[in-house]
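>>> Sequence first, then the predicted structure, then my questions.
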Protein chains: 4
Amino acid sequence: MGTRAVPDGSTRAAVLRAHEEPLTLEEIGLPERCEPGAVLVRIGCATLCATDVHLWRGAMSFPGMLPMVLGHEMTGTVEAVGVGATDALGRVLRVGDRIGWSESTCGTCYACTVLRRPVGCVDRGYGFRQRADQWPYATAGLAEFAYVGPRAEKVVIPDDVPDTWAACAGCAVKTVLHAFDRAGGVRPGASVVVQGAGALGIVAGAMARASGARTVITIGAPDARLDLAREFGADLTLGLALDPAERREAVQEATRGRGADLVLDLAGAPGVGAEAVDLAAFGGTFVIVGSTGPTPERLPLGTVMGKELTVVGSLNGDVGDYHRAVEFLRDFRDRFAWDRLFAAPVGLSGATDALTAMHRQEQVKAVVHPWLP
Amino acid sequence: MGTRAVPDGSTRAAVLRAHEEPLTLEEIGLPERCEPGAVLVRIGCATLCATDVHLWRGAMSFPGMLPMVLGHEMTGTVEAVGVGATDALGRVLRVGDRIGWSESTCGTCYACTVLRRPVGCVDRGYGFRQRADQWPYATAGLAEFAYVGPRAEKVVIPDDVPDTWAACAGCAVKTVLHAFDRAGGVRPGASVVVQGAGALGIVAGAMARASGARTVITIGAPDARLDLAREFGADLTLGLALDPAERREAVQEATRGRGADLVLDLAGAPGVGAEAVDLAAFGGTFVIVGSTGPTPERLPLGTVMGKELTVVGSLNGDVGDYHRAVEFLRDFRDRFAWDRLFAAPVGLSGATDALTAMHRQEQVKAVVHPWLP
Amino acid sequence: MGTRAVPDGSTRAAVLRAHEEPLTLEEIGLPERCEPGAVLVRIGCATLCATDVHLWRGAMSFPGMLPMVLGHEMTGTVEAVGVGATDALGRVLRVGDRIGWSESTCGTCYACTVLRRPVGCVDRGYGFRQRADQWPYATAGLAEFAYVGPRAEKVVIPDDVPDTWAACAGCAVKTVLHAFDRAGGVRPGASVVVQGAGALGIVAGAMARASGARTVITIGAPDARLDLAREFGADLTLGLALDPAERREAVQEATRGRGADLVLDLAGAPGVGAEAVDLAAFGGTFVIVGSTGPTPERLPLGTVMGKELTVVGSLNGDVGDYHRAVEFLRDFRDRFAWDRLFAAPVGLSGATDALTAMHRQEQVKAVVHPWLP
Amino acid sequence: MGTRAVPDGSTRAAVLRAHEEPLTLEEIGLPERCEPGAVLVRIGCATLCATDVHLWRGAMSFPGMLPMVLGHEMTGTVEAVGVGATDALGRVLRVGDRIGWSESTCGTCYACTVLRRPVGCVDRGYGFRQRADQWPYATAGLAEFAYVGPRAEKVVIPDDVPDTWAACAGCAVKTVLHAFDRAGGVRPGASVVVQGAGALGIVAGAMARASGARTVITIGAPDARLDLAREFGADLTLGLALDPAERREAVQEATRGRGADLVLDLAGAPGVGAEAVDLAAFGGTFVIVGSTGPTPERLPLGTVMGKELTVVGSLNGDVGDYHRAVEFLRDFRDRFAWDRLFAAPVGLSGATDALTAMHRQEQVKAVVHPWLP
Ligand SMILES: [Zn+2]
Ligand SMILES: [Zn+2]
Ligand SMILES: [Zn+2]
Ligand SMILES: [Zn+2]
Ligand SMILES: [Zn+2]
Ligand SMILES: [Zn+2]
Ligand SMILES: [Zn+2]
Ligand SMILES: [Zn+2]
C-alpha cells in the first residue's frame, strides 16, 4: 500500500516525457472537485496493452502529445463524486464503488445517433489525448489517482471480478467481443484461425472455443504464447518459423481440406491479410482488427471474389461491449484460467520494465499496481 | 432467317481457332439425339460479355481450350427433347419452348449441399470448357443450334421477355442481382457508387435506383457509357480523366460528406479496390465483382478496420439469380429502357466485328443473331 | 396568424379534460426560461395520429393522465434556447431554427447502452405522459407554444421540407421506416402486403414501392383510402367487404401462387395476425406494428413453423429513424405527392372536429395550425 | 444377430396395420435390384421419434396410409448398389458402406431452386408416405433391410460415430441445428430457455451450452428428463407442476430480470407460445419447432410488438443440417455423454413396447436393433 490515501490536488504518476525513455515518477495535477457526472478514483490496477507500448516507443505518436500518462485499461475505487454521476447503465456512483472506464463518445454525431454505432463516433475521447500538464491532468492508469470525466464511459465492476480482469475487459477483451459480433458470431462446428498470440489472440481463441468452434488454430510467436494459447482453447498452434505454405497445409489438414470458416487478424503484421485470404474457406469471413496502419497491404481481391469471402473491419468496441466483456470473463471463469494471462504486478516504478517486457513479448499482460512500492 | 431449320448432326458456328484472329464460320458437330434431361435448341440470339472478349483476345485462356465456340449468354427454341428434360423450376420442356441456360453445378459438393451456395460448386460447368471438336461440340451461343446437356441449368423464358433481355439475364444481370444480395440489399436512402460503366455497371446503377437509393454515382468511361448510365438511373457520373482525389471530392459532396454506403466494383481495373475503400462511408459495404485476377491489389486494411467496412466477394450468381434476373427486367420494363443496352444485331459473320466493338467499348452489349445473313 | 408572438409564461392550448368531450381552449403554463439543453418553440403545425384519437376517446388511457394536451407529431420555430441546446445530430440550436421532436430516451438502460436499441428504453418519455397542469405544462402539439425539454430528441428540419411532412415524420413515417428495417428491407422483386390503409399503411405502400417491390397489395378501408393507397404505389387494393378467402385468392393470383414475401400489420384489428400468416409465402416475413393491445390473438403457430415464417415486432422508431424519415420524404418527393396525405389545416378551435374526422376515417392526416383562427 | 444376412425379395419388418395396436412382424416386399442411384441396406439400428409415436397412435394420420413401417431415424450397411449411387456429398457408395438417410427433395421447385431452402420443397418425400404393400415396400427403419431410393438424401457415416448417434442425427439432432440456424445462432453470454425435455429439448440445451450461452433453462417433464437435461448442460430446470407465473419468476431471476434472449419451442403443447413470448427479453428471439398442429394458439401480438421480438418458424432441416448434426455429435463427444440419451436396444418384437415407453415418457430415445431376437 502507498503512504497516502487521500489526494489533495495532485497525484503521483509515471509520466512519459520522451519516447523510449524511462517513465518518470512525478506529482501531476489532479482536479480537486468533480464536475457534474465526473468521479475521482483511487486506481486499483492498470493492465498494459500493445497500444501503450507503441505510444511509449513512439511507434504511435502525434504532435504535442507529451508529457502524458499511459494506461487505458484500469480500475479504480471512487473517492469523490460529481453531481449526478452514474455508470453507463445508469447505476448511481457512490464513494467506495469500484469502476472501470473507457473512451467517451459524443452521443450526437451521425454514427452515434443514426447508425447507433458509437465506435464510429467522430469525437471519440481516448485517454492518450490527455496531456499530463493540462487540466484535468490525471485521467490514465499509471497513477495513484485519476479523474474520470463526465463523458467517460464508466462501468461498475461486480464484486467477484478481480481488478486485472476488469481492467483488460476495458480494451483487450471488449475488442475481441466486438470482433466476433462483427463476424456474425461463430457457427457451432466452425473452424477458426486466430492470427496473433498476444492477449487479443489468446482471448479470441478462448472466445472461439467457448462459442462452439470445432477447430481453433492460433498463428503467432513466441512459443510460450502459443503454449498459453493452447491452454486457452487452441487445438493447434503454428509458429512464424513455418513458411506460409506450411501453415496453409496444416490449416487445410485440420479443416478437412476446406480452410477456415473464420479468420481473425489480431496481429497486424505485414502479410497477415494475404495469408488470411489464403487460409479462408469458400464463403468464409475475415475480421480485420489488428491492421491499423495507413500503409496498404497487398490483398488478392480476385480470391476475395472467387471464394465469396466477407472481410469486415472491427474497431475496439463500445461500452456495451465493455459490459459484455466483463460478463464473458465471469461466465467462463470455470473454463479458462484467466489469471494465467497476467504477469506479477509491479508498482509505478516498475512500469518501464513492464513496458519493456511487453515489447519483448515476455509478458502477455503486464500489471501495474500503483500502490505497490 | 437462315436457310435451314433442322439440324442433321452438325451446325454452323463461329469458331475461335486462334486468339485475336477472326472467328471462322464452320460446320461443327451436333449430337443427333438428346440424352435424358438434355435438349437441342435453335439459337435465338446471343449477347456478348466481357468474358467473351477476354477469351477471344487470350487475356483469359487455358491450355487446350481451342477450338471453341464463344457465347454464354443466349436463348434458344427447343427442337428436340431428351427424356425427362425440365427447366430448373421443374417445368417440363417441349418442342417450341424458348429457354435460356447457364452453368451447371454438381449438386453434391460441400458448397452445393451443405452451404447451399452453388456458385461455390467445385465442379461448375462453364460453356468455355467445351471444345468445338469434342462431343457434344456445340453448347455455346455463336452457332445456329446448340446442345444443352442434362446438367446445364435451363430456364423457360416468359413470352413477354425479348431474346436479348433473357440472354443477358443469364450472365450480366444475374451477376448484378447476386452482388446486391451479397451486399445485403440497398437500404432506402443509401448512397451507392458503381465502379464501371459497362453492362454490369449500368444495370447495377438501375438496380440501385430501383431499390430506393438516394444517390447513385457511376465511375467509368467512355463518356457515351456514362451518358447511358445516367439514362439508367445514375444521378452523377465521374470519368476516369478526373484523378481519384477529384472523384473523392465529388462523392463527398454528393453524399453530404459521409461517403458511399455501398460501393460495387464492376470494373476490376487496378486501383479500384483502394478507391472503393476511400469512397466508402463509415460502416459501408464494398462488393468485389470485377476484380478477378490473381494479382494482389494494394488495399488499405487499416481503413477497412477504421471505417468498419464490410468487403464482400461476389461470383456470378446461380440459376435462382438467373430466374430473378429475368423477373427484374420484366418488373422494371416501364422504368428502364433496357433495349438501349443492346447494339444492332449481326449475323455469325459479324461476330468478330462485334467482339472488336465490345473491346473498343463502342458497344455495351453486342447482339449476335445467328440466322441473320 | 395569431395575435401574440411572444409567450409570457403561458400559452393557448387545446386541452383534453374529459375523454370523448370537446377539447377546451385554455391558457396553460409555459416555462419562462429554458433549462440547459431545452428550447421553447412557437408551434408550426401538428398532424394528428391514431394514437391521439385513441387518447381522446379513452380507448387508450391511464390513471391521472388528464388534463393533457394532445399532439406528438409537430414542428416549431425556436423562440428561446437553453444553454448548450443541440439537436440529436449535435447541431447547435438558435432562435429561428425550425425543429421537430419526439420521445426522449434515458441513454443509460440496458436497451439504450448494451443493445443500442433505444426504442426499448425502459424510461422512454412520451408526450402523453405530460399533464397540462404540471410543470413544464406545454410540451405537445395542440398549443401555440411548447417547451421542448433537454432530453427530448430534437431534429432540425431542412428548409425544403414543409411543416406537415416534418411533423408526421416524427411518428407515422419513422414508424414505417423502422418496420422495414426490422423486416430486413425489401428484396427487389418481392411481393408486399400492407394491412391497413391509414397514414401508416399508405406510407408503407410507398416505401415498398420505392424499395423495389414487384407487387404491392393494400388491404383496408374505406374505399377513398384505398384509392389513395393506389396513388401511393399499391398495385392492388382489397377491401374489408371481401372475406378472407377472397382476399387470399386475390393475393395468390397477384403473387403467382406463392403468397407475399412480406406482410406488414399496420392495422391492428382482430384477425389481422392470422390473415397475415395465411397470406405469407414460404420463408416470408410478417412485421407486427399495429397490434398493440394486451389481448392475445389466435395465431396458427403450426403455419408459422410449416412456412418457416419470420414474425417480427416493431415499435415506433428512434431519432435515427426520425432523421431518415425526413430524408425519405425529401428523396421521394418527385415520386409521391405527399401533400395528398394531409387534410386542410384548421386552428386549435377545429382540433376536436379534426379528431372526429380522423376517427371516422374521413381524413388520413388531420393538420392543426394553432395560429389559424 | 438375425438368422439371415442376404435379402431375397422380402424382408422382415414390424408393420403398423392399425393405430394403437401392436405392430405385427411380417415379411414384406423388397426390391430385388436397385434403380440407378438407389441402394439396398441391412438396417443397423433405428431410433424412435415422437412422430413415430404420433403415427402409431393415430394422433397424426392421413387416409390410406396403412399398412406402413415406422422408423425414419436409422442407419444401414449397403448390400447392393444401383448405378451411380452416391451420398449427398458425392461420395460413391459401395457395398459395406454405412449410411443414414432422410427426406428426399425435388430439386426443381421454387424453394429448392430459387430460395435454396429445400426444407420448403413442395414435394418432400417422407418415409411415412410409403405403404408397406406398395413398391418399393421397405424404406423405413423397423425392418431388417430397406431400399433407399435414388432421391433419398444419403449420408455416409464416419467410422467413429455409433449407429444410434447417426440415426438420431437424421431427424432429432438436425432439427435442433436447423432451429439454431433459424434463430441466428446463440450470442455468447445469452440466456436460453428450452421448452420441452424430450430428445429435442435435451439436445437443444446441449447445443445452447456448446454455443456459449450463459444460462440454459429447460422447462418440461417428467423429472427424470429434467435431470437428464441438466446432465446435458441446463443450469436450471422448471417442471410443469409450477404455474407459468412461478416459471416466469424463476426465469427473471436467472436472467437478471431481463428475460431470455432465446426461447425454443420444442414441446408444442398448448400455451407454449404465449409462455415463450412472456419469458423472452426485449429484442429476444422465439423459435417455433414443436407447434405443428393446425389449431391456432392464443399469442399476445401486442407483446411481440412491444418487446420487438423475432418469432421464427423452423422445420426439421435438410441434408446439410443432417451432415452438420453428425459432426456436432462427434465434435462434442467429450463434452456430452450422448449415449445417455438412448434406451437399451430391443429387437423388432420389442418395437411396440418401445413405442409405448416413448409415449409414457419413460424413454428419451428408444432404440430398435432389428437383428436382436
Ligand atoms: Zn459521436
Ligand atoms: Zn488498448
Ligand atoms: Zn457442387
Ligand atoms: Zn459473362
Ligand atoms: Zn434507456
Ligand atoms: Zn403517433
Ligand atoms: Zn423441391
Ligand atoms: Zn422424427
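Cool, got the structure. Residues are numbered from 1 along each chain as shown, chains lettered A, B, ... in the order given. Ligands and ions are numbered 1, 2, ... in the order given.

>>> who touches the worst-scoring helix or strand of chain A on mean pLDDT?
Least confident helix or strand of chain A, by mean pLDDT, DSSP states H and E, is strand A:297-299 with a mean of 90. The contact list for strand A:297-299, computed with Cβ atoms under 8 Å, 6 or more residues apart in numbering or on different chains, reads A:270-274, A:277, A:291, B:273, B:296-301. Just so you know, the C-beta spots here come from the backbone N, C-alpha and C atoms, and that holds for glycine as well.

>>> Buried ones in that strand, by neighbour count?
Residues of strand A:297-299 classed as buried by neighbour count (16 or more other Cβ atoms under 10 Å in any protein chain shown): A:E297, A:L299.

>>> I'd like the next helix or strand past it.
Going down the chain from strand A:297-299, the next helix or strand is helix A:301-306, by DSSP states H and E.

>>> Starting from that next one, tell me the next helix or strand along the chain.
Per DSSP H and E, the first helix or strand lying C-terminal to helix A:301-306 is strand A:310-313.

>>> Next one: that following strand, is it in contact with chain B?
Yes. Using Cβ under 8 Å from any Cβ of the partner chain, strand A:310-313 comes into contact with chain B via A:T310, A:V311, A:V312, A:G313.

>>> hang on, the earlier thing: which residue in the contacts of strand A:297-299 has the weakest pLDDT?
Among the contacts of strand A:297-299, A:S291 carries the weakest pLDDT, at 82.

>>> quick one: that residue from A:E297, how far?
7 Å (Cβ to Cβ, to the nearest Å).

>>> so who does A:L355 touch?
For A:L355, the contact set (Cβ under 8 Å, 6+ apart) comprises A:L23, A:L48, A:D52, A:V53, A:W56, A:L70, A:A366.

>>> Out of those residues, which sit inside helices?
Using DSSP state H, A:D52, A:V53, A:W56 are the members of the contacts of A:L355 that sit in helices.

>>> Reformat the residues you listed as JSON lines; add pLDDT and neighbour count.
Output for the ones in helices among the contacts of A:L355, formatted as JSON lines (pLDDT from 0 to 100; neighbours: other Cβ atoms under 10 Å in any protein chain shown):
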{"residue": "A:D52", "pLDDT": "95", "neighbour count": "30"}
{"residue": "A:V53", "pLDDT": "96", "neighbour count": "20"}
{"residue": "A:W56", "pLDDT": "97", "neighbour count": "26"}
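
>>> so who does the spatially most central residue of chain A touch?
In chain A, the C-alpha nearest the mean C-alpha coordinate belongs to A:A172, at 2.2 Å (Cα atoms, centre = their mean). By Cβ under 8 Å, 6+ apart, A:A172 lies in contact with A:T47, A:C49, A:E73, A:A199, A:L200, A:V203, A:K365.

>>> go with 7 Å
Taking Cβ atoms under 7 Å, 6 or more residues apart in numbering or on different chains, we find A:A172 in contact with A:C49, A:E73, A:A199, A:L200, A:V203.

>>> A:Q363 is in contact with the third one, correct?
Just to be clear, that refers to A:A199. No. Using Cβ atoms under 7 Å as the test, A:A199 is too far from A:Q363 to be in contact (9.5 Å).

>>> ok, the two, which is more surrounded?
Neighbours of A:A199 and A:Q363, each counted by other Cβ atoms under 10 Å in any protein chain shown, are more numerous for A:A199; the result is 28 against 22.

>>> Distance-wise, check the more buried one relative to A:V173.
Counting by Cβ to Cβ - A:A199 and A:V173 are separated by 8 Å.

>>> ditto for A:S61
Taking Cβ to Cβ, one finds A:S61 at 26 Å from A:V173.

>>> Looking at these two, which is more packed in?
In terms of neighbours (other Cβ under 10 Å), A:V173 is the more surrounded of A:S61 and A:V173; the figures are 30 against 13.

>>> check contacts around the more buried one.
When contacts are counted by Cβ under 7 Å, 6+ apart, A:V173 touches A:V203, A:A325, A:F328, A:L329.

>>> Please name the spatially closest residue to the last one (chain neighbours excluded).
Right, A:L329. The spatial neighbour of A:L329 that comes closest, neighbours along the chain excluded (Cβ to Cβ, 6 or more residues apart in numbering or on different chains), is A:W165 at 4.7 Å.

>>> and the gap between that neighbour and chain B?
Separation of A:W165 from chain B (Cβ to the nearest Cβ, to the nearest Å) stands at 26 Å.

>>> go on, A:D334?
In this view, A:D334 and chain B are 33 Å apart by Cβ to the nearest Cβ.

>>> residues contacting A:A85?
A:G37, A:A38, A:V39, A:L93.

>>> Go back to those and keep what's next to ligand 5.
Among the contacts of A:A85, no residue lies close to ligand 5 (Cβ under 5 Å from the ion).

>>> Now distance to ligand 3 too, for those, in CSV please.
What follows is the contacts of A:A85, written out as CSV (distance: Cβ to the ion, whole Å):
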residue, distance to ligand 3
A:G37, 59
A:A38, 61
A:V39, 60
A:L93, 59
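
>>> quick one: which of the residues you listed sit in helices?
Per DSSP H, the contacts of A:A85 never map to helices.

>>> Cross the residues you listed against strands and list the overlap.
Assigned to strands by DSSP state E, the following of the contacts of A:A85 qualify: A:V39.

>>> Mind listing what's buried along stretch A:18-27?
Across stretch A:18-27, burial judged by 16+ other Cβ under 10 Å covers A:P22, A:L23, A:L25, A:E26.

>>> Is there proximity between stretch A:168-176 and ligand 2?
Yes. If you take Cβ under 5 Å from the ion as the test, stretch A:168-176 does meet ligand 2, through A:C171.

>>> Just the helices from the stretch 251-373 of chain A, written as ranges.
In the stretch 251-373 of chain A, the helices defined using DSSP state H, counting those that start in this stretch lie at A:272-279, A:301-306, A:319-331, A:351-359.

>>> Need the CA coordinates for the third one. CSV is fine.
So that's helix A:319-331. Below are the C-alpha coordinates for helix A:319-331, written out as CSV (Å, rounded to 0.1, in the frame of the first residue of the first chain):
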residue,chain,number,x,y,z
VAL,A,319,-19.3,0.4,-23.6
GLY,A,320,-21.9,-2.2,-24.4
ASP,A,321,-19.1,-4.5,-25.5
TYR,A,322,-17.2,-3.5,-22.3
HIS,A,323,-20.1,-4.6,-20.2
ARG,A,324,-20.4,-7.8,-22.1
ALA,A,325,-16.6,-8.4,-21.8
VAL,A,326,-16.8,-8.3,-18.0
GLU,A,327,-19.7,-10.7,-18.2
PHE,A,328,-17.8,-13.0,-20.6
LEU,A,329,-14.9,-13.3,-18.2
ARG,A,330,-17.2,-14.1,-15.3
ASP,A,331,-19.3,-16.6,-17.3
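
>>> How about it and ligand 1, touching?
No. Figure legend: helix A:319-331 not in contact with ligand 1 (Cβ under 5 Å from the ion); closest approach 12.6 Å.

>>> Which of the helices or strands spans A:L242?
Using DSSP H and E, no element contains A:L242; it sits outside every helix and strand.

>>> What is the burial count for the residue lying closest to it once chain neighbours are set aside?
Nearest non-adjacent residue to A:L242, counting by Cβ to Cβ, 6+ apart: A:A250, 7.5 Å away. By the criterion of other Cβ under 10 Å, A:A250 has 17 neighbours.

>>> Any chance of the backbone angles for A:A250?
When read as degrees, to the nearest 10, the backbone of A:A250 gives phi -60, psi -40.
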